[in-house]
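Student: one predicted model, sequence on top.
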Amino acid sequence: MKLIAKKDLLLILFIFVALSGCKKLYNFPDEKDYLSNNVNFSNKILEPIIGRNNLIGGFNGDNSTQPITFEIVNPRWGDGRAVTDIFQKVPTYVWTAPYTGLEKSLAEIEAKRKIESHQLFEMRPSGEFILWGSSTNQLVSPRPTDSTNFAQDTRFFDVKVKNSGGERLIRDFQIRPWRERPYEPSNDINLYSGLPAPDPKFPLDKTLRDYIRPFLTNVIGETSNQALVSNDDKKDVVVYIRPFSGGNGHSLRIKVLNKDLVEINPAFFNETVWDKMIHGFNFQKTDKYVQYDVAYPIPLVEIPTSYATGGSRARVNLSYSRGAFGGGRTVANFGIDFAIYKAGDWEIVFHFKTENPKFASE
């Protein structure tokens, strides 16, 4: 067996030496890296939302040799004008350490990110496109407010894909950004104009508008003694997400209004776990609202945490209990899954439009 193994090893060495000699004798070329003729992107029409970090993938290298480099070339409007606005360099937040949701202060969060100068629109080494959250409607013109889609209003560009085996030019990408929607849900905003969205049931009636709707569980009306609802047909309770004045520039306020637009004391929401609800600090509770110091955007990163279990939305969940028939207690909940992308002082307001919630026991 040992003799056979030695013979096999000698045969392999002989073949290797022979092939090496043939390569030198006949001057065979060195192997080149491979760049497939079929490299492509799954989507060439990019529709990011201004004011948010939009990461758009879809590159297919078709087994081409790595590393591959990417370059945006020939950016132009459909009428031939050069595109420059999306390539402005502006101060942009980037993370330098992982955000976990376990940070104990704003300072600890801010120590994990810094401001760098970045083009508003870039390509990453992975072949992904990114429109940074530092973009604004003033820096990047959004698509027309009249919902038209003419070539002269559309940005086009090509992408040069390159490795040591060659290069390919993939032509005629489009980027058609939506105007800023600083929060979600944003069904109350017209996507094109940024003005209030029409009522979905009566879109031609300019006296009506759409509203953000909360989830409601066991919320009973004070006078009707019926479950309150919020849908296209009936809006007993609606939500406003809006800026307020007088904050510190990085605050989030939560309040509830009754049908007369008077604030309901947060003490009524006696089952609410305020300290576990929002990743915020310096909690304040008054007889009109609660407020947190926060870092924006909310959520800070789209990863699951105890404050954003799905990753992309945080949750306000207001809860209260009252005595039920026959003893025991009935627990009611209402709230919203939300995101806010623009830094500032924001409030989430729940408005009981038709009647007040019932807090009294049965």
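Tutor: All right, it came through fine. As the structure is a prediction and not an experimental result, all values here were calculated from the model.
Student: so which residues of the stretch 151-300 of the chain form helices?
Tutor: 274-277 (DSSP state H, counting those that start in this stretch).
Student: could you list the low-pLDDT ranges of the stretch 251-362 of the chain?
Tutor: The stretch 251-362 of the chain contains no residues with pLDDT under 70.
Student: one more time with 90
Tutor: Counting by pLDDT under 90, the stretch 251-362 of the chain contains low-confidence ranges at 324-328, 361-362.
Student: Ala295 reaches Ala107, doesn't it?
Tutor: No - using CB atoms under 8 Å, Ala295 is not in contact with Ala107, being 10.0 Å away. (Glycine included, C-beta is placed from N, CA and C.)
Student: first-to-last residue distance for stretch 292-310?
Tutor: 22 Å (CA to CA, to the nearest Å).
Student: so what touches it?
Tutor: Under the contact criterion CB atoms under 8 Å, 6 or more residues apart in numbering, stretch 292-310 has outside partners 52, 95, 99-101, 106, 109-110, 133, 248, 250-252, 276-284, 311-315, 337-344.
Student: give the helix, strand or coil label for Ile115.
Tutor: Three-state assignment for Ile115 (DSSP: H, G, I helix; E, B strand; the rest coil): strand.
Student: and the contacts of stretch 292-310, which of them are buried?
Tutor: 52, 99, 109, 133, 250-252, 277-281, 313-314, 337-343 (16 or more other CB atoms under 10 Å).
Student: restricted to strands, list the residues you listed.
Tutor: Counting by DSSP state E, the part of the buried ones among the contacts of stretch 292-310 found in strands is 251-252, 281, 314, 337-340.
Student: what is the most widely separated pair among the residues you listed?
Tutor: For these, the maximum inter-member distance is 21.6 Å, found between Phe281 and Asp337 (CB to CB).
Student: between Ala295 and Ala107, which one's more packed in?
Tutor: Just comparing Ala295 and Ala107: by other CB atoms under 10 Å the higher neighbour count belongs to Ala295, 22 against 10.
Student: quick one, what contacts the closest residue to Gln174 other than its chain neighbours?
Tutor: Spatial nearest neighbour of Gln174, chain neighbours left out: Ile45 (4.8 Å); criterion: CB to CB, 6 or more residues apart in numbering. Applying CB under 8 Å, 6+ apart to Ile45 gives the contacts 173-174, 176.
Student: in strands, which of these fall?
Tutor: 173-174.
Student: quick one: which of the contacts of Ile45 has the most company?
Tutor: Of all these, the most densely surrounded is Phe173 (18 neighbours; neighbours counted as other CB under 10 Å).
Student: got any ranges where the stretch 51-200 of the chain has weak pLDDT?
Tutor: Within the stretch 51-200 of the chain, the segments meeting pLDDT under 90 span 58, 147, 149.
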